[in-house]
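Colleague: Let's see this in three dimensions:
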Amino acid sequence: MRAYRKLTYVIITLLSFGCGVYSFTGASISPEVKTISFQDFFNNSPLGPSNMSVLFTEKIKDYFERNTSLEIVDENGDLEIEGTIENFSLSPVAPTAEGGRNAQYFTGLTRLTVRVNASYLNKTDEQFNFENKSFSFYKDFDQNTEELSSNEQEFVEEIFDQIVLDIFNSSVANW
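Modeller: Purely as a prediction, here's the structure:
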């Protein structure tokens, strides 16, 4: 029984540390890659909260810091990510019949969409690089029950969470 426990421990240890490339977050980063740098994601969208650029840049840095062992450096990292927030838009999704012709709102749901373009440079393996790849996500909400002005920050953070995950998967997870 004691030998069985030791053997199980050795197998688990080898599986956990054996290849050194895979992590439980899905990132497959070469052992030679030690650093990552981010340029500020500028807001090129005419709409949206004024702090979108800072919010997105800090959110993506935080995600990579929490889910990889990479050191974040100011510039010239082994991996580099940069981009722009290109679009912040509202569009009607579902019509409503409430209120007739004098109704204040003519849609049951409104869609808030944010689009980000990102570029990724892997200095050790160029096959994974991409340039100006578009990532977008949306949040549907009912204007009759949820005001955009009071929920905008929450909606934007929810959208950014998904876009950051998509960028992470496209870059270091190679999905």
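Colleague: ok but E75 is inside a strand, no?
Modeller: No - if the criterion is DSSP: H, G, I helix; E, B strand; the rest coil, then E75 is coil and not within a strand.
Colleague: for it, what are its contacts?
Modeller: By Cβ atoms under 8 Å, 6 or more residues apart in numbering, E75 lies in contact with S37. Yep, even glycine has a C-beta here, placed from its N, CA and C like the rest.
Colleague: what's the distance between it and K123?
Modeller: Per Cβ to Cβ, to the nearest Å, E75 is found 12 Å from K123.
Colleague: likewise V114?
Modeller: Distance of V114 to K123, given as Cβ to Cβ: 29 Å.
Colleague: okay, the two: which has more neighbours?
Modeller: Neighbours were counted for V114 and for K123 using other Cβ atoms under 10 Å; V114 has more, 25 against 14.
Colleague: what about the more buried one, distance to L90?
Modeller: 11 Å.
Colleague: and L112, what are its bridge partners?
Modeller: The partner list for L112 in beta bridges (DSSP bridges) reads L90, K139.
Colleague: Could you pull up the contacting residues of it?
Modeller: Contacts for L112 (Cβ under 8 Å, 6+ apart) come out as F88, S89, L90, Y138, K139, D140, F141, L148, F155, V156, I159.
Colleague: in the one helix or strand L109 maps to, what's buried?
Modeller: Element membership for L109, per DSSP states H and E: strand 107-122. For strand 107-122, burial by neighbour count (16 or more other Cβ atoms under 10 Å) applies to 107-108, 110, 112, 114-122.
Colleague: Widest-spaced pair of the residues you listed?
Modeller: Spatially, the most separated pair among those is G108 and N122, at 44.4 Å (Cβ to Cβ).
Colleague: Kindly indicate which of the buried residues of strand 107-122 lies nearest L55.
Modeller: V114 (10.9 Å).
Colleague: Which residues are in contact with the closest residue to the closest one other than its chain neighbours?
Modeller: Closest residue to V114 apart from its sequence neighbours, by Cβ to Cβ, 6 or more residues apart in numbering: I159 at 4.8 Å. Shown in contact with I159 (Cβ under 8 Å, 6+ apart): L112, T113, V114, F137, Y138, K139.
Colleague: can you list those in TSV and add distance to L70 and pLDDT?
Modeller: Shown next, in TSV, are the contacts of I159 (distance: Cβ to Cβ, whole Å; pLDDT from 0 to 100):
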residue	distance to L70	pLDDT
L112	31	96
T113	30	97
V114	25	98
F137	24	98
Y138	30	97
K139	30	96
